[in-house]
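Undergrad: Whatever this is, show me its structure:
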Amino acid sequence: MNKFYLKEFQFFDGDTTVVFNIVALYDSSDKITVAVTRNGKITVADYDLHSDENGPYFEYGIAGREHIHINDFEETDL
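TA: Numbering: from 1, shown residues only. This next block holds a predicted model:
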């Protein structure tokens with residue numbers, strides 16, 4: 001099983017807290033599938049993975065302004 005499966009990260013976007021849960025991480029295609037919970041609504045979205053000095057990340061928000069780093073995700077209590 002993917003070691004990142006269902007790991008969670010919470011992000012405050014200036015208006016509300018957005019919760020990201022990793023559904024799948026595709027190393028071979030540099031893609032990630034994430035469940036995004038915002039204002040009580042859950043969507044599942046695919047994002048392209050990028051990398052910088054802090055490791056792999058995907059872009060979120062207006063024009064991809066926010067970089068959500070994979071290494072910031074933590075285990076969830078299921």
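
Undergrad: Please make it C-alpha for all contacts and neighbour counts, starting now.
TA: Noted.

Undergrad: which ones are touching the most centrally placed residue in the chain?
TA: The centre of the chain sits closest to Phe20, judged by Cα atoms, centre = their mean, with a distance of 4.9 Å. Contacts here follow Cα atoms under 8 Å, 6 or more residues apart in numbering; on that basis Phe20 touches Glu8, Phe9, Gln10, Phe11, Val34, Ala35, Val36, Thr37.

Undergrad: I'd like to know which of those are buried.
TA: When neighbours are counted using 16 or more other Cα atoms under 10 Å, those contain these buried positions: Glu8, Phe9, Gln10, Val34, Ala35, Val36, Thr37.

Undergrad: export those residues to CSV and tack on pLDDT, secondary structure and distance to Gly64?
TA: CSV is the format used below for these (pLDDT from 0 to 100; DSSP: H, G, I helix; E, B strand; the rest coil; distance: Cα to Cα, whole Å):
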residue, pLDDT, secondary structure, distance to Gly64
Glu8, 90, strand, 19
Phe9, 92, strand, 17
Gln10, 92, strand, 17
Val34, 96, strand, 15
Ala35, 95, strand, 17
Val36, 96, strand, 15
Thr37, 95, strand, 17
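
Undergrad: how about the strands in the protein?
TA: For the chain, the strands defined by DSSP state E occupy 8-12, 17-26, 31-38, 41-48, 50-52, 55-60, 66-69.

Undergrad: how about the ones you listed, which one is nearest Thr76?
TA: Between Thr76 and the strands of the chain, the tightest spacing by Cα to Cα is seen for strand 8-12, at 6.1 Å.

Undergrad: picking that back up, Asp72: which of the contacts of Phe20 is nearest?
TA: Taking those together and measuring to Asp72 by Cα to Cα, the closest member is Phe9, at 6.6 Å.

Undergrad: isn't the closest one right up against Asn71?
TA: No: here Phe9 lies out of contact with Asn71, judged by Cα atoms under 8 Å, at a distance of 9.6 Å.

Undergrad: Output the below-cut-off pLDDT ranges for the protein.
TA: 1-5, 77-78 (pLDDT under 70).
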